[in-house]
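Student: what's the 3D shape of this:
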Amino acid sequence: MAEAAYVRGLAIPQREARPAPRHSPVVRITHWITVASFFCLVISGVAILLAHPRLYWGETGARGGPSLIDLPLPFVLDVPIRGPGRYLHFLSAWISLFTGLIYVVSGLFTSHFRRHLLPARSDLSWKQIRHVILNHLRFKRPSKEEALTYNLLQRFTYLLVIFVLFPLMFWTGLAMSPAVTSVFPAIVTVFGGQQSARTIHFFAACFLILFLVIHIVMVCLAGFTARVRAMITGRIAATKERI
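Tutor: Numbers count the residues shown, from 1 in each chain. This is a model prediction of the structure:
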């Protein structure tokens, strides 16, 4: 309800103050571009993997030779999207890379990471860590106050995804490119070969997909409508729904 200001005995209604933005425009735009590009990466990546669902370690690997891991997937050599899928995969990867760079540079200049993602010293107590982990393992819905900020586990997870998993994905992806490794051979030699980079690339992708699934589940528990609205408009409406 709007408050009223009294001037010479007259009640003048005032507008309610709008809440501060939940997410900045850069965060929202880069978030949805990353969502779209990641979806394309997963679809095209599956198509590429079906052409040879085996993982190796070292420099070389062939269908008739020994493998490190045989994935429980069939060899599908006539996948229609396999050829175009490679182009879609590379295009989506470059879009995701430049989007991520914009997000990271913006986050450093606006102190987004320091204010929202770096855990406070008070959050590092064993009691707080245990409370957060147990709530996540039970998939407990957070309270309204808890949902307004990132908890300790969320902060560590986002930092891991942003500064470890995504860079590792791009690095190993470049390590599988003969054009890149011919100019910068150290990119692939640090992993021990192109097949090693491919195997690491696969497991990093699995961790990212696992993160995405858990992220969606927690968004639904915290209030799907309010969370998605906040990532679109930047603000959270004053409703009874828990966010």
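
Student: so for the residue nearest the centre of the chain, what's the pLDDT?
Tutor: Nearest residue to the geometric centre of the chain (CA atoms, centre = their mean): residue 161, 5.9 Å. On pLDDT, residue 161 comes in at 95.

Student: and if you look at residue 55?
Tutor: Looking at residue 55, the pLDDT reads 94.

Student: that one pairs with what?
Tutor: Residue 55 has these beta-bridge partners by DSSP bridges: residue 69.

Student: helices and strands around the helix ranked longest in the chain, which ones?
Tutor: Ranked by residue count and defined by DSSP state H, the top helix of the chain is helix 194-233. Contact here means 3 or more CB pairs under 8 Å, 6 or more residues apart in numbering; DSSP states H and E; on that basis helix 194-233 packs against helix 25-50, strand 54-55, helix 166-175. From N, CA and C alone the C-beta is placed, and that goes for glycine too.

Student: now those as JSON lines including mean neighbour count and distance to residue 95?
Tutor: Formatted as JSON lines, the helices and strands packed on helix 194-233 follow (neighbours: other CB atoms under 10 Å; distance: least, CB to CB, whole Å):
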{"stretch": "helix 25-50", "mean neighbour count": "17", "distance to residue 95": "5"}
{"stretch": "strand 54-55", "mean neighbour count": "20", "distance to residue 95": "26"}
{"stretch": "helix 166-175", "mean neighbour count": "19", "distance to residue 95": "12"}
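
Student: rewinding a little: could you check the angle helix 25-50 makes with the longest helix of the chain?
Tutor: Interaxial angle, helix 194-233 versus helix 25-50 (axes from the mean of the first three to the mean of the last three CA atoms, to 10 degrees): 140 degrees.

Student: buried ones in helix 194-233?
Tutor: Going by neighbour count (16 or more other CB atoms under 10 Å), the buried part of helix 194-233 is 194-202, 204-205, 208, 218-219, 221-223, 226-227, 229-231.

Student: quick one on the thing from earlier: part of a helix, is the residue nearest to the centre of the chain?
Tutor: Yes: per DSSP: H, G, I helix; E, B strand; the rest coil, residue 161 lies within a helix segment.

Student: where does pLDDT dip in the protein?
Tutor: Low-confidence segments of the chain (pLDDT under 70): 1-22, 78-83, 122-123, 129, 131-133, 135-148, 236-243.

Student: rerun at 50
Tutor: 1-3, 5-7, 12, 16-17, 19-20, 238-243 (pLDDT under 50).

Student: now do the buried residues in the helix or strand harbouring residue 90.
Tutor: Assigned by DSSP states H and E, residue 90 falls within helix 82-109. Buried residues in helix 82-109, counted by 16+ other CB under 10 Å: 82, 85, 88-89, 92-93, 95-97, 99-100, 103-104, 106-107.

Student: chain center to it: distance?
Tutor: 12 Å (CA atoms, centre = their mean, to the nearest Å).

Student: ok, residue 57 touching residue 69?
Tutor: No: under the criterion of CB atoms under 8 Å, residue 57 makes no contact with residue 69, lying 9.2 Å away.

Student: between the two, point out the one with more neighbours.
Tutor: residue 57 (17 against 13; other CB atoms under 10 Å).

Student: got a list of what that one touches?
Tutor: 68, 192-193, 195-196, 199 (CB atoms under 8 Å, 6 or more residues apart in numbering).

Student: dump the residues you listed to TSV, plus distance to residue 40.
Tutor: Listed next are the contacts of residue 57 as TSV, based on distance: CB to CB, whole Å:
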residue	distance to residue 40
68	27
192	29
193	27
195	24
196	25
199	22
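
Student: nearest to residue 37 among those?
Tutor: Nearest to residue 37 among the contacts of residue 57: residue 199, at 22.8 Å, using CB to CB.
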